[in-house]
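K.L.:
Got a sequence here, can you model it:
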Amino acid sequence: MNYYYPYPPMYQYPTGGYSPFQPQNVADTDESSYIENILRLNLGKIISVYMNFEDSQWGSKIFKGKLEAAGKDHIIISDTSTGMRYLLLTIYLNYITFDEEVNYYYPYQAPQK
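P.N.:
Next comes the predicted model:
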């Protein structure tokens, strides 16, 4: 089983070269656009998290709720109808959809006209 699906995250250092390890202080690196950073820009929004649990009784599952927090290896959402909170491991993550516009910032993208 490959836990780095499809590949381990790569960080490009400003001086050149790549490393699978992100620098210790994420706040100092504007270049990073890891999933947790994108999710942190969208805290409080309603999302659907599509997950796949291979070789388990759950198979594929969709979790829908308000995005509470995101870390390197997890996402926390709360179901707005029941108040139940879910701690979801990103190792099982397939993709995420948003019910509204996504806040996204990447420092080297072309300016919007």
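K.L.:
What is the burial count for the nearest residue to Leu41 once chain neighbours are set aside?
P.N.:
Of all residues not flanking Leu41 in the chain, Asn103 sits nearest, at 4.3 Å (C-beta to C-beta, 6 or more residues apart in numbering). (Each C-beta comes from the backbone N, C-alpha and C, glycine too.) If you count neighbours by other C-beta atoms under 10 Å, Asn103 ends up with 13.
K.L.:
pretty sure Asn103 contacts Arg40?
P.N.:
No: contact between Asn103 and Arg40 fails when scored by C-beta atoms under 8 Å: they sit 9.5 Å apart.
K.L.:
Paired strands for the helix or strand hosting Lys66, with orientation please.
P.N.:
If you go by DSSP states H and E, Lys66 is part of strand 59-70. Looking at strand 59-70 with DSSP bridges, its partner strands are strand 46-53 (antiparallel), strand 74-78 (antiparallel).
K.L.:
just the ones you listed: most buried one?
P.N.:
Of these, the one with the most neighbours on average (mean count of other C-beta atoms under 10 Å) is strand 74-78, at a mean of 19.
K.L.:
Low-confidence stretches in this protein?
P.N.:
1-33, 107-113 (pLDDT under 70).
K.L.:
how about JSON lines for the strands paired with strand 59-70, with distance to Tyr86 added?
P.N.:
Compiled in JSON lines, the strands paired with strand 59-70 are given as follows (distance: least, C-beta to C-beta, whole Å):
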{"stretch": "strand 46-53", "distance to Tyr86": "8"}
{"stretch": "strand 74-78", "distance to Tyr86": "5"}
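K.L.:
what about these, which gets the closest to Phe98?
P.N.:
Nearest of these to Phe98, taken as C-beta to C-beta: strand 46-53 at 5.5 Å.
K.L.:
Can you name the residues that contact the spatially closest residue to Asp79 that is not a sequence neighbour?
P.N.:
Nearest non-adjacent residue to Asp79, counting by C-beta to C-beta, 6+ apart: Gly65, 4.5 Å away. Neighbour list for Gly65: 46-47, 77-80, 86 [criterion: C-beta atoms under 8 Å, 6 or more residues apart in numbering].
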